[in-house]
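1. Pasting the sequence and the predicted model now:
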Amino acid sequence: MGKNSRRRHVDKQRRAAERRRHRAAQRARAESDDVCDLMADHPRSECSEPDDAVANACRQLEQVLGLVLRDRLWANGWQPDELVRHVRRVSGTVATSVLAMAIAADAAHHARVGDALHDSWRRQTGRISARCQHEPDRDGWLARWLDAGGDRVGLSTVRAVLDELLSLPSLPTLLSPPGSTGSVDVDLVDVDAAPSPKLVTIRGLLAKAESTEFPAEAEAFTAKAQAMMTEARLDEATVRASSGRRSTGRVSAIRIGIDEPYIASKQMLLHVVAEANDVRCVFHRRVDLATLVGPVGQLAHVELLFTSLLIQVQSFLAADAADAPAGSRVRSRRYRSAFIVGFARRIGERLRTARSSSLAGVGADALPVLAADDRATAELFDRLVGRTTAIRSSAGNDIFGAQAGASAADRAALREAGLRGAGANPPGELRDAG
């Protein structure tokens, strides 16, 4: 199947899935409306028996929440940790506690029926369940939560959680949901696996870059870390070429959350780091998540370097504003957002130069291996994501902030990686799923 035919097939499947999700959301919303109406007709103060209308209605709501999780969210790419993160950001701690109990109850359901669980799924639900109260592994947890909360909690919170869950978009499925009979075409990165010795060294270098107060030291540590990332990729390609294994290595996908403030500017930083390391990136803007697709080793490096650069740019921003009075330009949101964009653009130039310099010295036998990895990355990205649209952002429209950010990126220059000047090619466009 050609690339265009495969993309049309993926788009057709996505439209059909969206129609199924819409019908399921309508049914779930109708059921929750019926239950909430029943609860309104039977206030808790009028009920005394455990099997009265309120308890029955609560059990029905528990079932609705479980169905929404299983049939709408787990089936459409969401994972427990991602869902808790999103609800905490948009709805607060009380709504998050309701969701956490629903997830724990869902995990108990799968355990009772003997559904297979991926190790990563089990770890996520285990962490969430450990923080829950009111025994969500037993029926009746919603009624117990209502009784314990008194006037501070109510069904309006549950309804708000349901409405938010039913409104969420689908995500690329990176992890088989519990009880799934199909397989997910992603060789998942085990984030809890023991890191390689080289990765441990890279982490140590970036930690030193983050902690030092001297730009020259941060420059040296970050430079060495990026050089080691590139060397690791090229060494692997050379070994595969010399052994006759020119087929693709492990290509996988991960998801990264991008938090306030300055989300659009941070997206730019993640984009340039991913692009410089042969990783494809798409953003899910409504939920502030990014899906990254690429060789397994490169995914780990991108996540590490992005996190480190975030810490470094925050330290530069803090130093920039240290002596500025309250209300001054350098403390404004517009300036600080543009600062991060300027920082990202200059860092991207230098990372691309580092990549070109490293590739110039690689043996000819390794180039077909790298090309095979790039093709596998593109194919997996098309299967997981499908069609994308360009993101337009005005985050860097403060010229003084952008210039200050570029200057900060120069102070974080990757000198030991042999970087000088700007890369020949500008960065590609940021892409949004859909």
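-> Received, thanks. This structure is a prediction, so every number in the text was calculated from the model and none was measured. Residues are numbered from 1 along each chain as shown.
2. Give me the distance between the closest residue to Leu309 other than its chain neighbours and Leu305.
-> Nearest residue to Leu309, sequence neighbours excluded (Cβ to Cβ, 6 or more residues apart in numbering): Leu269, at 6.1 Å. (Glycine included, C-beta is placed from N, CA and C.) In this structure, Leu269 and Leu305 are 10 Å apart, going by Cβ to Cβ, to the nearest Å.
3. joint contacts of these two?
-> Common contact partners of Leu269 and Leu305 (Cβ atoms under 8 Å, 6 or more residues apart in numbering): none.
4. sorry, back to before: what count of nearby residues applies to the residue nearest to Leu309?
-> 24 (other Cβ atoms under 10 Å).
5. Name the secondary structure element that contains it.
-> Leu269 belongs to helix 263-276 when assigned by DSSP states H and E.
6. which residues sit against that helix?
-> Residues contacting helix 263-276 (Cβ under 8 Å, 6+ apart): 256, 258-259, 280-281, 283, 288, 290, 292, 294, 302, 305-306, 309-310, 313, 337-341, 343-345, 347-348, 351-352, 354-355, 391, 393, 395-396, 427-428, 430.
7. same thing but 7 Å
-> By Cβ atoms under 7 Å, 6 or more residues apart in numbering, the residues outside helix 263-276 that reach it are 256, 258, 281, 283, 288, 290, 292, 302, 305-306, 309-310, 337, 340-341, 344, 347-348, 351-352, 355, 393, 395, 427-428, 430.
8. residue ranges of the helices in the stretch 151-300 of the chain, please?
-> Listed in chain order, the helices of the stretch 151-300 of the chain (DSSP state H, counting those that start in this stretch) span 155-166, 197-211, 215-242, 263-276, 296-321.
9. let me redo that: the stretch 301-434 of the chain
-> Going by DSSP H, counting those that start in this stretch, the stretch 301-434 of the chain shows helices at 333-360, 366-384, 399-411.
10. What is the distance between the first one and the centre of its chain?
-> Spelled out, that is helix 333-360. 21 Å (Cα atoms, centre = their mean, to the nearest Å).
11. other SSEs contacting it?
-> helix 215-242, helix 263-276, helix 296-321, helix 399-411 (3 or more Cβ pairs under 7 Å, 6 or more residues apart in numbering; DSSP states H and E).
12. Show me what counts as buried in that helix.
-> 335-355, 358 (16 or more other Cβ atoms under 10 Å).
13. Then stretch 277-292?
-> Across stretch 277-292, burial judged by 16+ other Cβ under 10 Å covers 277-285, 287-292.
14. Kindly report the same for stretch 271-278.
-> 271-278.
15. For the helix or strand hosting Leu61, list every residue counted as buried.
-> Secondary structure from DSSP H and E places Leu61 in helix 53-67. By 16+ other Cβ under 10 Å, the buried positions in helix 53-67 come out as 54-55, 57-62, 64-66.
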